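>>> below are the sequence and a predicted model for it; my questions follow.
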Amino acid sequence: MEEEILQEQDVFVALRSSYECVMNSLEMITKNFEELLKEVGQESLISKNGYGGKNFRLLQDRAKSELLSIAFFGAFSSGKSFLISGLNQKVDWYEREGRDQYAPLLPTSPRHTSNCPVAVEPVVSGKADEFAVLFEGSDVWEQKTPATLAIIQAYVTDLPNAVSQRLTNKDRTRTVRTARVGVSSAIMKARIYDLPGFGAIGANYEGVIRNFVQQADCIAYVAGAIKPLDEKDLELLGDVYTHHKLTGKPVFFVLTQIDRAWDIDTGSGKIQWEDVRDANNEFLEQNFLVEGRADSTFIGEGFIPVSPALEAKGIALSAQSHENSQRYIVESRMALLRERFDDYLQNTSGPMHLAELASEAQKLLLRLTHDIRQRYLSESTPVTEARNVIIGYKAQRRILIDKKTMVEKELRELGQVAIRRAFAGSDPDDLVAFLKEKLNEKIKMSDVLKEKEIHQIETEKVILVREWMSRSSKSLIPRWVSSWESFYSQTNELVNHLLEEALTAQQKAVEENSKEEVDITAAKVEERLASKYEDMKTKTFKDTIDLMSKTWGTWTVLAGVGAATSLPQVVALLGVGSTPVGLGILATALIGAFYGRYKLVKQRDERREMMMTEFPEYAQKIVREYRVQADEFINSRVGFLVEIIDNEIDALSNSIDSLEQRLKEGEYLNKNKRLENLDSLIQRCREVNAQIDEFYASVANTRTDMQNALMLNVGS
């Protein structure tokens, strides 16, 4: 297992090194192009088109320091907020009346205190801590200063008198949707989501989980060391487990508050928190199984015991040279937990993240390459022919502008046709019938008043949905694959036709304006112009659209064409959870056990009936969420194709401006040398584009290997 982890780390380090090589090459090409443009007073083109060296450096910096995220889950009062404060060493210890007292960054209380999600992340070192909130109905973050515990507590909790401490009367009447705390002295170089404690906000929790699990790179499940897990924890753990199995995201189990459980258990001879840790690990091993055995890929090393309180006390006492300060810090085990997180964040995360950055870089590269080519054509065109070229470019641009709206409309119509075709056979009633056929008997035979049996049924329901989605050629996934491939081909043809029509208009305009024989240089220019779009179609449509589609196919299953696509990614992407519903009935049934066997049997039957009648709503929810995701994916591709048209319009405008400026100023000096340099830059752009192609392939292979390893582990 350790050898596999080391191999994975080596692969990711190699990917990051490859990405940095690409970015260094892009920065050098841009720098050289900028120097050439300075000779002719056109250096503003770099910043105007958004591919300056600083843009590439920003992408480099994002690959090195872009914050990856950890979502912290657990029951309310499990110690999540205190632990997150401690991870960044933002807990102050002091002593009052002989008792330990603590002041954490985030508010804590035996009552639920995180009514909204809170993100804790680093800000520029040396600056003051920051605090911002996002209110319901607004998309604008509002800064609230100073970022003190009292101010944070006023906005993220509903503790008595907390809301009254908000900074304005208007704020006291508004609902905070989410909050963000920036820590200038952050120890953890990650964005940490402190989510509302399970059991504190009831029905709203399912949506909160779905949103932030999708955003997180990994998950931390927090439990207190005061008492072991029980069946009440299964619902939340079931959600976390389902998402882990579908995405492969790692889960870290953390046992906090061990300082509050330091007594010796006379029965076992262990410290109390050790008993709780062992019981929790056994609970995981009993409830999360693969073919009858504990799922080690989910459980990992089990619960990691920590105490942010002990570390805070040790740090405070070390300033006083107290003899026990280091002992407190070591016994806190906080350094070990940070090491576990750092290992993941630095070494075993981010192929998808790097691929997204590479995609951004390739779009900048295509724009840069196009402008270098246009510059080459402009430089090599005789001044006497410049007017003809300008006329041709304007005719070409006019066609693109005039027909862009119509083409965009046709692209969207094709997308809707693809969606209707894909979902025509996705009948929720068929899924309902399938679930009833497979589960009704199991529900009738199970004791559905027990949380564990509910958990097993819900898990099996998720597996059955997977089977239903691809069990025949007429099912949802095969139909979407077919529809997507048709849409992909038609949209390529549509945009390609527009580009060719624009090129024809350009050539026709040149012919009509020039009746004289052009010299050999101009003839070569015309030859380049005629072949330009053939080259563009090859580079843009083959290297960009195809690669983007492969990338989409790898990271999102709705494309359906990537080699690394797997059915579990579908459910993960759409956030189709397996959270048991109707828990209020379950609670009633448990209370009803005190009223006699007859009452218990009746409530068990009612619960069974409820579980079976929930199938239609569940089926409709799945198909509905697929449709929403399909719409988003179609819109993304249409936007990408329209951007290609926009980029061509912009490039033509830049060339027209350049040639018109040249007509005013006459021939440039050192033209031949510039042409050689421009030709060299074009060749280097092609080489870098090939590097990005290879990088995509490496990322896709890495993700495929990870998925295969995951499936092997699941099957073993």
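Done, it's in.
>>> show me what secondary structure element comes after the least confident helix or strand in the chain by mean pLDDT.
Least confident helix or strand, the chain: helix 583-592 with a mean of 27, by mean pLDDT, DSSP states H and E. Later in the chain than helix 583-592, the nearest helix or strand by DSSP states H and E is helix 597-613.
>>> pLDDT on the helix or strand following that following helix, on average?
Scanning forward in sequence from helix 597-613 by DSSP H and E, the next helix or strand is helix 615-665. What helix 615-665 shows for mean pLDDT is 80.
>>> same question for stretch 149-162.
82.
>>> check stretch 93-110 too.
On average, stretch 93-110 scores 84.
>>> before we move on, what about stretch 170-182?
89.
>>> buried stuff in that stretch?
Neighbour counts using 16 or more other Cβ atoms under 10 Å place 171, 174, 176, 178-182 of stretch 170-182 among the buried residues. Where C-beta positions appear, they are placed from N, C-alpha and C, glycine not excepted.
>>> between those, which sits nearest Glu617?
Thr178 (28.0 Å; Cβ to Cβ).
>>> quick one: what helix or strand has that closest one in it?
Going by DSSP H and E, Thr178 is part of strand 176-183.
>>> ok, and what's touching that strand?
88, 90, 105-106, 115-123, 127, 129-136, 141, 147, 152, 155-156 (Cβ atoms under 8 Å, 6 or more residues apart in numbering).
>>> which of the residues you listed fall within strands?
118-122, 130-135 (DSSP state E).
>>> neighbour count added to those residues, as CSV?
Output for these, formatted as CSV (neighbours: other Cβ atoms under 10 Å):
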residue, neighbour count
Val118, 30
Ala119, 19
Val120, 26
Glu121, 19
Pro122, 18
Glu130, 18
Phe131, 22
Ala132, 18
Val133, 24
Leu134, 17
Phe135, 18
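>>> now for these, which pair is the farthest apart?
Across these (Cβ to Cβ), the longest gap, 24.2 Å, separates Pro122 and Phe135.
>>> thinking again about what came up before, so can I have JSON lines of the ones in strands among the contacts of strand 176-183 showing distance to Ala630?
Shown next, in JSON lines, are the ones in strands among the contacts of strand 176-183 (distance: Cβ to Cβ, whole Å):
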{"residue": "Val118", "distance to Ala630": "33"}
{"residue": "Ala119", "distance to Ala630": "30"}
{"residue": "Val120", "distance to Ala630": "35"}
{"residue": "Glu121", "distance to Ala630": "33"}
{"residue": "Pro122", "distance to Ala630": "37"}
{"residue": "Glu130", "distance to Ala630": "39"}
{"residue": "Phe131", "distance to Ala630": "39"}
{"residue": "Ala132", "distance to Ala630": "34"}
{"residue": "Val133", "distance to Ala630": "34"}
{"residue": "Leu134", "distance to Ala630": "28"}
{"residue": "Phe135", "distance to Ala630": "32"}
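>>> so which residues of the stretch 1-150 of the chain form strands?
Using DSSP state E, counting those that start in this stretch, the strands found in the stretch 1-150 of the chain span residues 69-73, 91-96, 99-104, 118-122, 130-135, 142-143.
>>> moving C-terminal of the host helix or strand of Ile390, what's the next helix or strand?
Secondary structure from DSSP H and E places Ile390 in helix 383-423. Downstream of helix 383-423, the next assigned helix or strand under DSSP H and E is helix 428-445.
>>> pull out the buried residues from that following helix.
In helix 428-445, counting by 16+ other Cβ under 10 Å, buried: 428, 431-432, 434-435, 439, 443.
>>> touching, Trp484 and Ile419? I think so.
No: in this structure, Trp484 is not within contact of Ile419 by Cβ atoms under 8 Å, at 9.8 Å.
>>> higher neighbour count, those two?
Trp484 (26 against 20; other Cβ atoms under 10 Å).
>>> name the element the more buried one belongs to?
helix 476-513.
>>> does anything pack onto that helix? Which helices or strands?
The elements that helix 476-513 packs onto, with contact taken as 3 or more Cβ pairs under 8 Å, 6 or more residues apart in numbering; DSSP states H and E, are helix 383-423, helix 520-536, helix 615-665.
>>> ok, and for it, which residues are buried?
Buried, per 16+ other Cβ under 10 Å, within helix 476-513: 476-481, 483-484, 487-488, 490-492, 495, 498-499, 502-503, 505-507, 509-510.
>>> for the record, mean pLDDT for that helix?
What helix 476-513 shows for mean pLDDT is 84.
>>> likewise for stretch 40-49?
On average, stretch 40-49 scores 68.
>>> ok, the ones in strands among the contacts of strand 176-183 vs Lys409, which is closest?
Set against Lys409, the nearest of those by Cβ to Cβ is Leu134 (34.6 Å).
>>> so what's Val133 up against?
Val133 neighbours (Cβ under 8 Å, 6+ apart): 141-142, 144, 155-156, 176, 178-180.
>>> can you lay out these as CSV showing distance to Ser25?
What follows is these, written out as CSV (distance: Cβ to Cβ, whole Å):
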residue, distance to Ser25
Trp141, 36
Glu142, 42
Lys144, 44
Tyr155, 46
Val156, 45
Val176, 45
Thr178, 39
Ala179, 41
Arg180, 36
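>>> which of these lies closest to Glu643?
Trp141 (27.4 Å).
>>> mind listing what that closest one touches?
132-134, 180.
>>> can you check the pLDDT for it?
91.
>>> does Leu364 touch Leu26 like I think?
Yes: taking Cβ under 8 Å as the definition, Leu364 is a contact partner of Leu26 at 7.3 Å.
>>> can you pick out the residue with more neighbours from the two?
A count of neighbours by other Cβ under 10 Å puts Leu26 above the other of Leu364 and Leu26, at 27 against 18.
>>> got a list of what that one touches?
56, 361, 364-365, 368, 688.
>>> possible to save those as a markdown table with distance to Ala316, secondary structure and pLDDT?
Output for the contacts of Leu26, formatted as a markdown table (distance: Cβ to Cβ, whole Å; DSSP: H, G, I helix; E, B strand; the rest coil; pLDDT from 0 to 100):
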| residue | distance to Ala316 | secondary structure | pLDDT |
| --- | --- | --- | --- |
| Phe56 | 45 | helix | 66 |
| Ala361 | 46 | helix | 77 |
| Leu364 | 49 | helix | 77 |
| Leu365 | 52 | helix | 82 |
| Leu368 | 54 | helix | 82 |
| Val688 | 53 | helix | 87 |
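>>> make a ChimeraX selection of whichever of those residues turn out to be buried.
Those of the contacts of Leu26 that count as buried under 16+ other Cβ under 10 Å are selected in ChimeraX with:
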select :56,361,364,365,368,688
